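Peer 1: Give me a model of this one.
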Amino acid sequence: MLDADVIKQRIEQALPGAKVEVRDLTGTGDHFEARVVTPLFQGKSMVEQHQTVYAPLKDVLATGELHALALKTYTPEQWAKVQGLTIA
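Peer 2: Next comes the predicted model:
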């Protein structure tokens, strides 16, 4: 069973300076959602962004220990726009 903090740390190690939030969607330790904000996504397609986040998790994805990871990826500029649209 994986922990959200372990996934977060692995993503942060692969993407230094990224802002990462991970949450367990089901409480079973194998279905998670992650939001990743980093300037490293600048100029990359959404598929490339997601591949970048999945890369440090390949081993746990391959074994099925991590069954699902829903991703929301943003550059800092995109995130600022999303935050501007958020109604508190």
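Peer 1: so residue 35, which of the three states?
Peer 2: The three-state assignment at residue 35 reads strand, by DSSP: H, G, I helix; E, B strand; the rest coil.
Peer 1: before we move on, what about residue 23?
Peer 2: Going by three-state DSSP, the secondary structure assigned to residue 23 is strand.
Peer 1: measure the nearest residue to it once chain neighbours are set aside to residue 4 for me?
Peer 2: Among residues not flanking residue 23 along the chain, residue 33 sits closest, at 5.5 Å (C-beta to C-beta, 6 or more residues apart in numbering). (Each C-beta comes from the backbone N, C-alpha and C, glycine too.) For residue 33, the distance to residue 4 (C-beta to C-beta, to the nearest Å) stands at 9 Å.
Peer 1: Give the intersection of the neighbour lists for the two.
Peer 2: Contact criterion C-beta atoms under 8 Å, 6 or more residues apart in numbering; residues shared by residue 33 and residue 4: 22, 23.
Peer 1: For the residue nearest the centre of the chain, which residues are in contact?
Peer 2: The centre of the chain sits closest to residue 34, judged by C-alpha atoms, centre = their mean, with a distance of 3.7 Å. Counting by C-beta under 8 Å, 6+ apart, residue 34 touches 7, 8, 11, 20, 21, 22, 53, 69, 70, 71, 72.
Peer 1: Now the buried members of those.
Peer 2: 7, 8, 11, 20, 22, 53, 69, 71 (16 or more other C-beta atoms under 10 Å).
Peer 1: Which two among those residues are spaced furthest apart?
Peer 2: Greatest spacing in the buried ones among the contacts of residue 34, by C-beta to C-beta: 8 and 71 (12.9 Å).
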